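Q: Could you work out the structure for the sequence below:
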Amino acid sequence: MHQLTCMSRQGYFCTAMEIMPMACAFISDTYECIGQNRECVALYGFAGNEDKMKRIFDLAPQYQADGRLSVEKSLEYVKRAFEGESGRVRFEWILSTSEGLQVPAEVTLIRMDTGGNYVCAAFINDLRELKEAMASLDKISTLAFKDSLTGLYNRRYFMDRLNFEFRIFGSSQKSISVIIYDLDKFKNVNDTYGHPVGDEVLQQVSNRVKTVLRARDLLARYGGEEFIVMLLDTSADEAFRLAERLRDSVCAAPIPYNGNEINISISLGVATKTLPQTTMEKLIESADKALYKAKNNGRNRTEACSGEL
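A: Predicted coordinates for the structure are as follows:
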C-alpha cells in the first residue's frame, strides 16, 4: 500500500483502500491526491512513480468528451463534493495513462470526515469494457435493422414499426400513410454502368429522399430498388404532395459518377388509412397497386390508391 503524506490518517486510509475492489484515490481540500490503492496506480500506469499522481485530475487530455476544459471540470466537481450538501458527485471523465492512452471512466467523489478533516474519496470505474460492449451491441443492432448499402432501415424493422403503430392506433381515426417507390428502369443502369455504379445510384437517391422527409417519417429499403415510407398523422393529400416532392428531388439533377451523368427518376404509389378497420397488409397492398399504376401510366409519376381505406 502506498504511503500517505498525512501520516495521522495513514491507518484509516490504508484500511479503506485495502478493501476497495476498484481504483480509489483520496483527494485533499487542496485538490491533491494524498493516497491511492494499487488498482488506481495500475490504471494510470505510474507504479514506482506515484509522485506524478499528486494532481490526479491533471492527468487528462485538455478537453473532456463534453467539450469542457479538463481543469475547469475537475475543479468544479471536486469543489461541489467538498461544499455540496450531499457530499457526493458522479461524472464521466477521460483520464490519460502514463503511456498517453485515453481511458473513459466514471468518477464518484464522496466527501469523508476523518476526524475534523475532510477528504474526498474518488472511486474511478474504468468504462472501456462497457463502452466496447455497447459499441458491439450497436453494431449488432445496425446489422439487424439497417440496410448495409444505403444505411436506411431494412424491411424487417419497417414492418415491425408499422405493426406497432397499427397495434396502438389501428382502431382509431389516426391517419397513417404509406409511400412505396422504386427507381425507373434501374436494370438499365446496372447493365450499362455495372453494379457498383448501380449501388452508388441507390445511395445517392436515398440521400436525396432523406433531405425531403420530415424527422418523424420512417424510410426503409423494401427490397432491391424498391423503398417504402411511413407517414404518421398525414392525410392522403399531404402524403401525395410529399411524394411529389420526393419525386422532384430525385429527378431534379443527374447523378454524377466518374465523369458520367446518370439521369434517374422514380415512380411512387401512395395509400392512406382512413378507416379504423383497415389492416397494415391492406395499406401496403394498396400503395403497391398505386405504384404499379404509376409504372403503367408512363413512370416518373405519383399515383394514389382510389377509394377509402
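
Q: ok, then the element right after the strand or helix carrying residue 139?
A: Residue 139 is located in helix 128-145, with elements delineated by DSSP states H and E. Going down the chain from helix 128-145, the next helix or strand is helix 155-169, by DSSP H and E.

Q: gap between the very next helix or strand once past that next one and the chain center?
A: Following helix 155-169 in sequence order, the next helix or strand is strand 176-183 (DSSP H and E). Put simply, strand 176-183 sits 26 Å off its chain's centre (Cα atoms, centre = their mean, to the nearest Å).

Q: repeat for stretch 145-162
A: Centroid separation for stretch 145-162 versus its chain: 15 Å, with Cα atoms, centre = their mean.

Q: what is the mean pLDDT for that stretch?
A: Stretch 145-162 shows a mean pLDDT of 93.

Q: Output that stretch as PDB - backbone C-alpha positions only.
A: The C-alpha trace of stretch 145-162 is given here as PDB (Å, rounded to 0.1, in the frame of the first residue of the first chain):
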ATOM      1  CA  PHE A 145     -32.200  -3.400 -38.600                       C
ATOM      2  CA  LYS A 146     -30.200  -1.400 -41.100                       C
ATOM      3  CA  ASP A 147     -29.600  -2.000 -44.800                       C
ATOM      4  CA  SER A 148     -25.800  -2.300 -45.300                       C
ATOM      5  CA  LEU A 149     -25.700  -0.500 -48.600                       C
ATOM      6  CA  THR A 150     -27.900   2.600 -48.100                       C
ATOM      7  CA  GLY A 151     -27.800   2.900 -44.300                       C
ATOM      8  CA  LEU A 152     -31.600   3.000 -44.200                       C
ATOM      9  CA  TYR A 153     -33.700   0.800 -42.100                       C
ATOM     10  CA  ASN A 154     -34.500  -2.600 -43.600                       C
ATOM     11  CA  ARG A 155     -37.800  -4.200 -44.400                       C
ATOM     12  CA  ARG A 156     -37.900  -6.200 -41.200                       C
ATOM     13  CA  TYR A 157     -37.500  -3.100 -39.000                       C
ATOM     14  CA  PHE A 158     -40.100  -1.100 -41.100                       C
ATOM     15  CA  MET A 159     -42.700  -3.900 -40.800                       C
ATOM     16  CA  ASP A 160     -42.200  -4.100 -37.000                       C
ATOM     17  CA  ARG A 161     -42.600  -0.300 -36.600                       C
ATOM     18  CA  LEU A 162     -45.700  -0.200 -38.800                       C
END
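
Q: Pull out the buried positions in the helix or strand harbouring residue 287.
A: Residue 287 is located in helix 280-296, with elements delineated by DSSP H and E. Across helix 280-296, burial judged by 16 or more other Cβ atoms under 10 Å covers 280, 283-284, 286-291, 293-295. Just so you know, the C-beta spots here come from the backbone N, C-alpha and C atoms, and that holds for glycine as well.
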